[in-house]
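Peer 1: I'll drop the sequence and a predicted model, then ask my questions.
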Amino acid sequence: MHELAITQSILDISLKAAAAQHACRIRAIRLTIGPFSGIVPECVQMYLDVLAKGTIAEGAKIEASTLPLRVRCRACGREGEIDRRHIACPFCGSVELQRLSGREFLVDSLEVDV
Ligand SMILES: [Zn+2]
């Protein structure tokens, strides 16, 4: 349900952007997603295949890239970027981290035919 609503808004944003460029077909939709956004690109693709039927985005491919996670260390106070496999401060190694980002997602760019 989560991805269905998100996919609908991704589609709406993409169709508007494509219309503004007078595109006749959307080939690919590039997304930038935070590591804790809960968005699974494969699910978005699955919903898009259904939702985009009959629009110029029919058959468009989802291409997602994941952002690094920005954190602030409670031990040394510095800010840095980590990934999900190494959850520790890159400066002092503490795991007392405050999350600064990670839930965002945005439509980065479109590949279209005009
Ligand atoms: Zn630290």
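Peer 2: That came through, no problem.

Peer 1: Show me the helices in this protein, by range?
Peer 2: 2-20, 41-51 (DSSP state H).

Peer 1: If you count contacts, what does the longest one end up packed against?
Peer 2: Under the contact criterion of 3 or more C-beta pairs under 8 Å, 6 or more residues apart in numbering; DSSP states H and E, the helices and strands touching helix 2-20 comprise strand 25-33, helix 41-51, strand 105-113. In this view, the C-beta of every residue, glycine as well, is placed from N, C-alpha and C.

Peer 1: again, but for the last one
Peer 2: Helix 41-51 sits against helix 2-20, strand 25-33, strand 61-66, with contacts defined as 3+ C-beta pairs under 8 Å, 6+ apart.

Peer 1: Export the helices of the chain as a markdown table, with columns for distance to residue 63.
Peer 2: As requested, the helices of the chain are exported to a markdown table (distance: least, C-beta to C-beta, whole Å):
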| stretch | distance to residue 63 |
| --- | --- |
| helix 2-20 | 12 |
| helix 41-51 | 8 |
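
Peer 1: May I see the ones you listed organised as a markdown table, with mean pLDDT, distance to residue 104 and mean neighbour count added?
Peer 2: A markdown table is the format used below for the helices of the chain (pLDDT from 0 to 100; distance: least, C-beta to C-beta, whole Å; neighbours: other C-beta atoms under 10 Å):
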| stretch | mean pLDDT | distance to residue 104 | mean neighbour count |
| --- | --- | --- | --- |
| helix 2-20 | 94 | 12 | 16 |
| helix 41-51 | 96 | 15 | 16 |
